[in-house]
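# Sharing a model that was predicted from the sequence below.
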Amino acid sequence: MQLKLASNLSVDAQELATGRTCVIAQSGAGKSYLIAVLCEKMLKECVPFAIIDTEGEYFSLKQKFQLLWVGGKEADVELEGVNFRKLAEHAVKQSVPVIFDVSDSMDDRQAVASFCRALYETETSAKKPYLLIIEEADKFAPQVVGKDEKTAAALSAVEEIARRGRKRGLGLLVATQRPAVVSKNVLSQCGNQLIGKLTTENDLAAVNLFFSGRKELDELPKLRQGEFFAMGGLSRNKVRFMSFPRLTQHEGLTPKLIPHAAGKISSFKSALKGTAVERHVADEGPKNAFYGIPAAVDRKLATEIAEKNGKHLLARKESLVSLTLSWEPLIHAEQEILGSLLHRKNSSASFVIDSATGELADIGNGLRLSSAFESLIGRTENEARVLLAVEKKGTTLAELEGKTGLSASALHSIADRLRSARLLSWSVRKNVNYYFPLVPLHKLSLDRHASWKAEKISAHGEIVQQRLDENSLRKLLKAMNPRTEITEFKLFYYPVWHARLQGKISRLVRIDGVTGKEIV
């Protein structure tokens, strides 16, 4: 798939999404404009990404495209108190593009560090192509950190992605107007370059590693606004180009000066009177009506539990900065396995599974989760069957034919799709292809009977989106055993409090809304 950026330049979407790219140009040279064009091209071709927006420049992409905007109070999701782990999992596994707007954040470096770590951890198991774009990389990945621990945390997360993210499918694009002060550990990893106008000697010296000589460097100060060179993996030869215009409004333009007479100072004073001491009181909004397990832990008790938890971590005092209630979608399913010629008697079992994550749930004594179908959600029945049949030590095509009952041609097609999704790999031993899984898979024994008890309730809180419906679950169960049929499928919701504690670092604690225990 090619993304056409200019009349004389098309770039490979796979290389952009999973590679290492730097966009460098001084202030006013069109760096942010070019990144927005890149985002629009990726959105049109359904290439998922998350962009770290430091100035609130990119929310206008929502004029024409579907993105999740995480940021201030007007955003789709408020940054304060957001569950970074769940945000990353939903973004990566469902290929959701995200605007991660830190323009109003009081602690943007910590937020970026937490989000980067969550993306990296998610991709460690998911291994799906996803691009992280970091604006103002000199702020989050500087060459000199000093004693600022939050900046050091952000730098560490970005450098880890730069070094090891590609094998996990996590691409990186860093943008800066000051390459001289960006971490050389990050910049040197960028095999793709989009470089615009630069005039200062330090910045020209910083990009010297991308050019063959001084003569080429001398071209950079002569570039016009919006002109860039494409080099490295994005183009076989160095290409000078002017990008296509944006489809959406550019929010990063410098405001124009329009002379206006000042109003009366007295009226300003009157309008501002008292605002310095006013505090915003969060409105919980209307209650939601649904089928679920009632919360026994109210906000007051959840606060006490969270604060008590924060007093004992390595003897460091932590403060509670946010507390939110979410309702996790759980499925109670009953299955019947039809008898075979040898075992004519049918067998039945029931279980509870988290519909958002695919994890197996036990709610007998509070919510406990264990690995189950996380890596299989979104795959076809035959794709799931192949993934479950592949063993860590390697499995040949002939062995897969015997285990799955699929033809060699069908298996070749399925294997290609799974390799593109970074779920499967292969190697050759003595002229024989062996396939290996790239994600941890759990061949579950579901011969159990789960207890549950839900009722119609009305409550505040966020309803977490369901991902695993009855048809999808049926496909996964049939991949495990073709004789399986679902005889009952019921969706209900379980209360979980999300407490964000702030100490030397920020961390999230999940509290069971029924028992008050921490969910680990």
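Received it, and whenever you're ready, just let me know what you need.

# other SSEs contacting the one helix or strand S32 maps to?
Assessed by DSSP states H and E, S32 sits inside helix 31-44. Here helix 31-44 touches strand 2-6, helix 13-18, strand 20-24, strand 49-53, strand 130-134, strand 170-176, going by 3 or more CB pairs under 8 Å, 6 or more residues apart in numbering; DSSP states H and E. For every residue, glycine as well, the C-beta is placed using N, CA and C.

# Could you pull up the mean pLDDT of it?
Mean pLDDT, helix 31-44: 92.

# cool, stretch 383-398 as well?
On average, stretch 383-398 scores 85.

# And stretch 127-142, by the same measure?
92.

# can you tell me the distance between the two ends of that stretch?
28 Å (CA to CA, to the nearest Å).

# And for stretch 175-193?
Termini of stretch 175-193 sit 10 Å apart (CA to CA).

# what about it, distance to the chain center?
Here stretch 175-193 is found 23 Å from its chain centre; the criterion is CA atoms, centre = their mean, to the nearest Å.

# Can you mark which positions in it are buried?
The neighbour-count check on stretch 175-193 (16 or more other CB atoms under 10 Å) flags 175-183, 186-187, 189-193 as buried.

# what do you get for stretch 5-18?
Within stretch 5-18, judged by 16+ other CB under 10 Å, the buried ones are L5, A6, L9, S10, V11, A13, E15, L16, A17, T18.

# Same question for stretch 54-66.
Neighbour-count burial for stretch 54-66 [16+ other CB under 10 Å]: T54, G56, E57, Y58, F59, S60, L61.

# and the third one, that one's in a strand?
No. When classified by DSSP: H, G, I helix; E, B strand; the rest coil, E57 is found to be coil rather than part of a strand.

# isn't it right up against S32?
Yes. With contacts defined as CB atoms under 8 Å, E57 counts as touching S32 at a distance of 5.7 Å.

# Save the buried residues of stretch 5-18 as JSON lines, and put in distance to K150 and pLDDT too.
Below are the buried residues of stretch 5-18 laid out as JSON lines (distance: CB to CB, whole Å; pLDDT from 0 to 100):
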{"residue": "L5", "distance to K150": "35", "pLDDT": "89"}
{"residue": "A6", "distance to K150": "38", "pLDDT": "87"}
{"residue": "L9", "distance to K150": "38", "pLDDT": "89"}
{"residue": "S10", "distance to K150": "39", "pLDDT": "90"}
{"residue": "V11", "distance to K150": "34", "pLDDT": "90"}
{"residue": "A13", "distance to K150": "34", "pLDDT": "90"}
{"residue": "E15", "distance to K150": "32", "pLDDT": "91"}
{"residue": "L16", "distance to K150": "29", "pLDDT": "91"}
{"residue": "A17", "distance to K150": "29", "pLDDT": "92"}
{"residue": "T18", "distance to K150": "28", "pLDDT": "92"}
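
# Taking the residues you listed together, which two end up most distant?
A6 and T18 (22.1 Å; CB to CB).

# Residue ranges in this protein under the pLDDT threshold?
Low-confidence segments of the chain, defined by pLDDT under 70: 249-286, 310-317, 339-344, 372, 374, 439-452, 504-506.

# what residues go with each domain of it?
According to automatic domain parsing, the chain comprises the domains 2-242, 288-372+443-512, 383-429.

# Name the stretch among these that sits most buried.
domain 2-242 (a mean of 20; mean count of other CB atoms under 10 Å).

# And it, end to end?
17 Å.

# the inter-axis angle of the helix or strand containing R117 versus strand 170-176?
In the assignment (DSSP H and E), R117 maps to helix 108-126. Counting by axes from the mean of the first three to the mean of the last three CA atoms, to 10 degrees, helix 108-126 lies at 160 degrees to strand 170-176.

# CA atoms only for helix 108-126, dumped as CSV, please.
This file holds the C-alpha atoms of helix 108-126, laid out as CSV (Å, rounded to 0.1, in the frame of the first residue of the first chain):
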residue,chain,number,x,y,z
ASP,A,108,2.6,16.1,30.1
ARG,A,109,5.9,14.2,30.4
GLN,A,110,4.5,11.7,32.9
ALA,A,111,1.4,11.2,30.7
VAL,A,112,3.5,10.6,27.6
ALA,A,113,5.8,8.2,29.5
SER,A,114,2.9,6.2,30.8
PHE,A,115,1.1,6.0,27.4
CYS,A,116,4.4,5.0,25.6
ARG,A,117,5.0,2.2,28.1
ALA,A,118,1.4,1.0,27.8
LEU,A,119,1.7,0.9,24.0
TYR,A,120,5.0,-1.0,24.2
GLU,A,121,3.6,-3.5,26.7
THR,A,122,0.5,-4.0,24.6
GLU,A,123,2.5,-4.5,21.4
THR,A,124,4.7,-7.1,23.2
SER,A,125,1.7,-9.5,23.0
ALA,A,126,-0.5,-8.0,20.3
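
# Return the list of helices and strands in contact with that helix.
So helix 108-126, by 3+ CB pairs under 8 Å, 6+ apart, packs with strand 49-53, helix 84-93, strand 98-101, strand 130-134, helix 137-140, helix 149-164, strand 170-176.
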